[in-house]
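Asks: When you get a sec, could you give me coordinates for this:
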Amino acid sequence: MSFFDQHVFICCNQRAAGEDCCNNHGSSELLGYMKDRVKALGLAGEGKVRINKAGCLGRCDDGPVMVVYPQETWYTFIDREDIDEIIDEHVVAGRIVERLKI
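Replies: Numbering: from 1, shown residues only. Now for the predicted structure:
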């Protein structure tokens, strides 16, 4: 049995100046937003959901990116509305957000 029901990793990698990376697209700010929203909804903690900062996940061209385990679902996202949709649909309801899936 897993310690968390779902584990979300958001790439917040910062590359050298001039190189594209997820952090150049606001992933660190959106990580904070997702963590706060998951906590506010009472979804965070043991047996529930964990939101983690990750280094490079190797999909910079699709960035910013996150991966949700144990489903192994990869998403791209742009803003808080995308994060809200991933939380509401995937994390809470268990439905893949096809328009954001990569």
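Asks: Please enumerate the helices of the protein.
Replies: 27-40, 80-85 (DSSP state H).
Asks: Could you dump these into TSV and include distance to residue 93 and mean neighbour count?
Replies: From N, CA and C alone the C-beta is placed, and that goes for glycine too. Converted to TSV, those look like this (distance: least, Cβ to Cβ, whole Å; neighbours: other Cβ atoms under 10 Å):
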stretch	distance to residue 93	mean neighbour count
helix 27-40	14	18
helix 80-85	11	15
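Asks: how about those in a markdown table, adding distance to residue 18 and mean pLDDT?
Replies: Formatted as a markdown table, the helices of the chain follow (distance: least, Cβ to Cβ, whole Å; pLDDT from 0 to 100):
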| stretch | distance to residue 18 | mean pLDDT |
| --- | --- | --- |
| helix 27-40 | 18 | 97 |
| helix 80-85 | 26 | 98 |
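Asks: where does this structure dip in pLDDT?
Replies: The model of the chain has pLDDT under 70 over residues 1.
Asks: Repeat the analysis, applying 80 as the threshold.
Replies: For the chain, the stretches flagged by pLDDT under 80 are 1, 17-19, 63.
Asks: mind listing the strands for it?
Replies: 6-11, 49-54, 65-69, 73-76 (DSSP state E).
Asks: any chance of those strands in TSV, with distance to residue 21 too?
Replies: Listed next are these as TSV, based on distance: least, Cβ to Cβ, whole Å:
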stretch	distance to residue 21
strand 6-11	8
strand 49-54	12
strand 65-69	10
strand 73-76	13
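Asks: Would you confirm that residue 75 contacts residue 65?
Replies: Yes - in this structure, residue 75 is within contact of residue 65 by Cβ atoms under 8 Å, at 6.8 Å.
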